Every structure is written in structure tokens, then in C-alpha cells.
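J.: Need coordinates for the following:
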Amino acid sequence: MRARTSTRPLGVLPLALVAAVLAGPVAHHQDTRLVIVTGGGDAARAVQQAGGTLLRRLPLVHGVVARLDGQLAGFTVTPDRALSVSGRTGPATGPITARDALGLGAPAGQGAGVTVAIVDTGVADVAELAGRVRHVDVTGDGTGDGFGHGTFVAALVAGKTLGVAPGASVLDVRVGHDDGSTSLVDVMAGLQAVAEDPSVSVVNLSMSTDGDVPPLTEALDALWAMGDTVVVPAGNTGPDKGTVTSPGSDPTLLTAGALDGKAVADWSGRGGQGMAKPDLVAPGAHLLSAAVPGSVIWQQHPDARNGDAAFVGSGTSFSTALVSGAAAVLVAQRPQLSPYQVKALVMRSASNVGGSRTATGAGGLNLGAALAHKTPHGQSDADSAVGETPWDASSWSASSWSARQWAARQWSARQWSARQWSARQWSARQWSANTWG
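T.: Here you go, the predicted structure:
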């Protein structure tokens with residue numbers, strides 16, 4: 001729970017006040033006049049004085065969502081932009097559950113008492129998660145998961161038979177529409193909702209966008225400072241160096257690459273070029289999880305079905321979910337862990353994986369070893385364990401925020417098993433046999 005830490009970003013309003021000023025769901029637009037305004041001053045007043053329209057306050061980043069033409073002196077004005085989700089599928093051959101992939105025993109309530117926020121396309125009320133999901137919708141579409149990705153991720157985290165943390169609760173923060181599309185404004189609204197829920201300890205964000213978008217990483221770093229372990233994917237644009245996607249390139253956050261069997265998947269994003277990422281790798285290929293019958297992926301990709309209520313998929317979206325589940329189990333065991341300590345534990349205890357550190361990070365997720373490992377004493381010890389200092393300007397090389405890191409190819413055909421999530425949504429190329437198989 002966030003109450004275990006006293007660190008909060010400067011300027012975040014008390015919960016009751018935030019709830020009072022937060023506007024309703026922001027409509028989905030592709031209009032460059034829809035912007036996020038951030039900065040050190042009163043963004044709301046600046047927008048109004050400039051003749052703009054204030055739509056939503058974002059205390060998490062000291063900013064607002066607004067309709068505004070032009071720029072504002074002293075503020076950063078970031079236009080809304082699309083985040084697209086897509087992929088392709090193949091036969092559901094050789095599926096493996098998250099628990100089997102990590103060598104875990106039978107589910108026994110691991111993660112009980114911990115809430116994981118799943119910021120995604122929504123989470124359907126499936127049997128794997130029955131009684132443990134609360135819903136927040138910022139899209140205006142209502143709750144549910146017409147696309148199918150968020151439910152798949154949530155069940156890998158906390159499914160009663162399929163999840164790493166079967167006792168954990170889920171805060172479903174729906175930021176994606178039924179076609180899988182979303183936008184920066186919707187995601188920022190979702191992260192604001194996470195900030196207002198003190199029960200959250202772990203945040204799973206299995207998506208990214210194109211271009212340099214400071215408000216997104218500012219929001220994720222602020223959640224980390226509040227005590228939430230934020231887990232993000234390395235992306236699926238490997239095997240070249242420097243292909244870790246954003247926000248996975250953020251040095252603060254916990255970034256997961258993907259294993260395919262005992263080796264790093266060729267499509268898993270690699271570090272290099274100034275990026276000490278990924279932090280570790282976890283199983284991410286041919287994983288079995290909950291499906292939403294009737295959803296887009298269910299209807300369009302029958303070969304990936306496994307029975308009447310399950311699907312098989314691959315990609316760093318799903319290795320991220322396994323790491324989020326592991327973080328929930330660790331926090332349940334030791335409620336006072338900080339995000340830096342969680343990150344240090346999973347990295348220190350990681351298993352050896354063949355390949356360069358730019359591909360493997362610290363190695364493979366080993367939850368059993370992490371549970372047995374001693375707790376790092378204080379942030380300096382945790383920093384030493386992960387081989388980095390808390391984020392500062394020098395940590396962000398130009399390559400960390402390069403155009404290719406936020407490019408459409410990050411979400412390409414191989415991204416639901418390589419580049420599963422591209423702007424070319426659901427094209428024939430995008431769903432290969434690797435993808436959901």
C-alpha cells in the first residue's frame with residue numbers, strides 16, 4: 001500500500017481535493033489542440049488567461065489537459081497523440097502458464113493484500129479474477145475489455161490459477177478503446193486515477209508511444225516516488241542494440257525484457273547506446289492466460305484460442321506482467337519494501353541467462369530466490385544493487401529518447417510475440433505464428 005512510504009512528489013494534492021477537482025472522462029480525440037500543459041507554475045490559470053479551455057487537472061505532473069492553440073511561456077505544451085495496439089496471431093501450440101514458466105508451485109494466495117494497477121485496454125470480469133477487480137474507466141466507453149489485451153495481462157499478474165500473484169487484487173484502469181487504440185491524454189488520466197488510489201503498490205503499463213513525451217515519464221516517475229513499483233516493457237523491436245522502447249528506457253522504472261524458453265527472445269528490446277536496460281528478463285513467449293470471448297483478438301485470431309476461455313500470447317507486454325506479479329508477491333511478503341528495493345531484489349536474485357547484458361539485464365526473473373534474498377538496507381544499497389543512481393539528467397542520453405524508441409515499429413507485428421503492438425493495427429503481417437503462439 002502506498003501508505004508505507006512518506007515520499008510524495010511535490011505539489012500532489014490530498015486525495016479528497018484531487019477527487020474534487022478531477023474532471024470526468026476525457027473524450028478520445030485526434031486533435032492537436034488537445035494538449036497536456038505542465039510546468040512549475042499554475043498551469044490551469046495560464047491556460048485560462050491564454051483563452052484556452054481547461055478539461056482536466058493532473059496534479060501528478062503539476063499539469064492540466066486543455067484545448068489550447070499555440071504555446072505558453074514557461075510551460076511545456078505537449079499535443080495529444082495516439083497510442084496504438086495491434087498484432088497478429090498464430091496457432092496456440094506449446095502453451096505454458098506463468099507459474100510453470102517461473103517454476104512456481106500450486107497457487108496459494110501469493111500476493112494477498114496487494115493491489116496491482118493494470119493500465120491497459122480494460123479488464124473483463126473473467127473467472128480467473130472473480131471478486132478481486134475494481135474498475136476505473138477514463139475512456140468514457142464504460143468498463144470491460146472489448147479488445148482483450150488488458151484481461152490477458154491481468155490474469156498473468158493475478159489469475160487464481162494462471163497468475164504469479166493469485167491472491168493480489170487488481171485495479172483495472174481502462175485507458176484503451178474496444179479497437180485497442182488509446183492516446184496520451186487517456187493514459188495520463190489513467191495514471192492520475194492510479195495516484196488517487198492509496199491501495200496501489202504495483203503499476204503495470206504494457207504499452208508505449210512514439211516521440212519524446214515528458215509528461216508520461218514524469219507521471220510514472222512520480223508514481224514511483226509515491227511508493228508504487230512501476231513495471232514497463234523493454235519493447236519488441238530487438239535484436240539490435242539500442243532498441244529498448246520508452247518508457248522502458250527510463251532509468252528509474254523496472255523494465256522487463258522477454259525470454260523464449262531459456263534464451264532471450266530475438267524480438268525483445270536490447271539496451272546499449274547509453275541505456276542500461278532492460279533490468280531483467282522474464283518468460284514472455286507462448287504464455288497461456290485468460291481470454292475475453294467475443295473480443296477483437298478472440299474473433300479475429302481463432303488459432304490462438306485455447307479452449308473456451310483462454311488464449312496464448314507472446315511479447316514483452318507479458319513478461320512485464322510476470323515481473324509485476326513477482327513484485328506483488330514480494331510486497332505482500334515485506335510490505336515496507338520501496339520500489340528501489342523491489343527492483344534491487346529481483347535483479348540481485350536473477351538467474352544466469354546466456355547472452356550479452358544489453359539483452360539480458362541482470363538475468364532471468366527468479367521469484368523463489370528473490371523471496372529468500374535479504375532486503376537491501378536503504379536506497380543507497382538498492383541503487384548499488386541495480387547499478388544505477390536515481391534518475392538525473394545525465395541518465396538520459398539522447399538515444400534514450402530517440403525517435404525510433406517511440407516509433408510505430410515498436411508496436412509492430414512482432415509485438416504480440418515480437419512487435420505485437422503497431423500502428424498498423426491487426427494487419428496480416430502483424431500476427432505471425434510467433435506472436436500468440
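J.: Can you show me the helices along the stretch 1-150 of the chain?
T.: All helices of the stretch 1-150 of the chain, identified by DSSP state H, counting those that start in this stretch, fall at 15-21, 43-49, 98-101, 149-158.
J.: how far out from the middle of the chain is the last one?
T.: Same thing as helix 149-158. Mean C-alpha position of helix 149-158 versus that of the full chain (CA atoms, centre = their mean, to the nearest Å) differs by 11 Å.
J.: Rebuild the helices of the stretch 1-150 of the chain as a markdown table, extending it with mean neighbour count.
T.: The way it works is simple: take the backbone N, C-alpha and C, and place the C-beta from them, glycine included. Below are those laid out as a markdown table (neighbours: other CB atoms under 10 Å):
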| stretch | mean neighbour count |
| --- | --- |
| helix 15-21 | 12 |
| helix 43-49 | 18 |
| helix 98-101 | 22 |
| helix 149-158 | 33 |
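J.: out of these, nearest to Met188?
T.: Met188 sits nearest to helix 43-49 of all the helices of the stretch 1-150 of the chain, at 12.9 Å, using CB to CB.
J.: returning to that earlier point: okay, the helices of the stretch 1-150 of the chain in a markdown table with mean pLDDT and distance to Ala359 next?
T.: Listed next are those as a markdown table, based on pLDDT from 0 to 100; distance: least, CB to CB, whole Å:
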| stretch | mean pLDDT | distance to Ala359 |
| --- | --- | --- |
| helix 15-21 | 25 | 41 |
| helix 43-49 | 95 | 41 |
| helix 98-101 | 98 | 18 |
| helix 149-158 | 97 | 22 |
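J.: closest to Gly354 out of the ones you listed?
T.: Comparing the helices of the stretch 1-150 of the chain against Gly354 with CB to CB, the closest turns out to be helix 98-101 (17.2 Å).
J.: where do the helices sit along the stretch 201-350 of the chain?
T.: Under DSSP H, counting those that start in this stretch, the stretch 201-350 of the chain gives helices at 214-225, 296-300, 316-333, 339-348.
J.: Please identify the most buried of the ones you listed.
T.: Across those, averaging neighbours per residue (mean count of other CB atoms under 10 Å) puts helix 316-333 on top, at a mean of 30.
J.: wait, what's in contact with Arg33?
T.: Residues near Arg33 by CB atoms under 8 Å, 6 or more residues apart in numbering: Arg67, Leu68, Asp69, Pro79.
J.: ok, the closest residue to the first one other than its chain neighbours - how many residues close by?
T.: What it means is Arg67. Nearest residue to Arg67 in three dimensions, chain neighbours excluded: Thr53, at 4.3 Å (CB to CB, 6 or more residues apart in numbering). By the criterion of other CB atoms under 10 Å, Thr53 has 12 neighbours.
J.: Read off the pLDDT value for Thr53.
T.: On the pLDDT scale, Thr53 is placed at 95.
J.: picking up where we left off before, and the contacts of Arg33 as JSON lines, adding neighbour count and pLDDT?
T.: Shown next, in JSON lines, are these (neighbours: other CB atoms under 10 Å; pLDDT from 0 to 100):
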{"residue": "Arg67", "neighbour count": "16", "pLDDT": "96"}
{"residue": "Leu68", "neighbour count": "25", "pLDDT": "95"}
{"residue": "Asp69", "neighbour count": "11", "pLDDT": "91"}
{"residue": "Pro79", "neighbour count": "15", "pLDDT": "91"}
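J.: Can you flag which of those residues belong to strands?
T.: Arg67, Pro79 (DSSP state E).
J.: could I have stretch 233-247 exported to PDB, CA atoms only?
T.: Provided in PDB are the C-alpha atoms of stretch 233-247 (Å, rounded to 0.1, in the frame of the first residue of the first chain):
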ATOM      1  CA  PRO A 233       8.200  -3.400 -21.200                       C
ATOM      2  CA  ALA A 234      11.600  -3.300 -23.000                       C
ATOM      3  CA  GLY A 235       9.600  -3.400 -26.200                       C
ATOM      4  CA  ASN A 236       9.600  -5.900 -29.100                       C
ATOM      5  CA  THR A 237      11.900  -4.300 -31.600                       C
ATOM      6  CA  GLY A 238      15.100  -6.400 -31.000                       C
ATOM      7  CA  PRO A 239      17.500  -7.800 -31.600                       C
ATOM      8  CA  ASP A 240      19.600  -4.700 -32.500                       C
ATOM      9  CA  LYS A 241      21.200  -2.700 -29.700                       C
ATOM     10  CA  GLY A 242      19.500   0.400 -28.500                       C
ATOM     11  CA  THR A 243      16.000  -0.900 -29.200                       C
ATOM     12  CA  VAL A 244      14.500  -0.700 -25.700                       C
ATOM     13  CA  THR A 245      11.400   1.300 -26.100                       C
ATOM     14  CA  SER A 246      10.100   4.200 -24.000                       C
ATOM     15  CA  PRO A 247       9.000   4.400 -21.200                       C
END
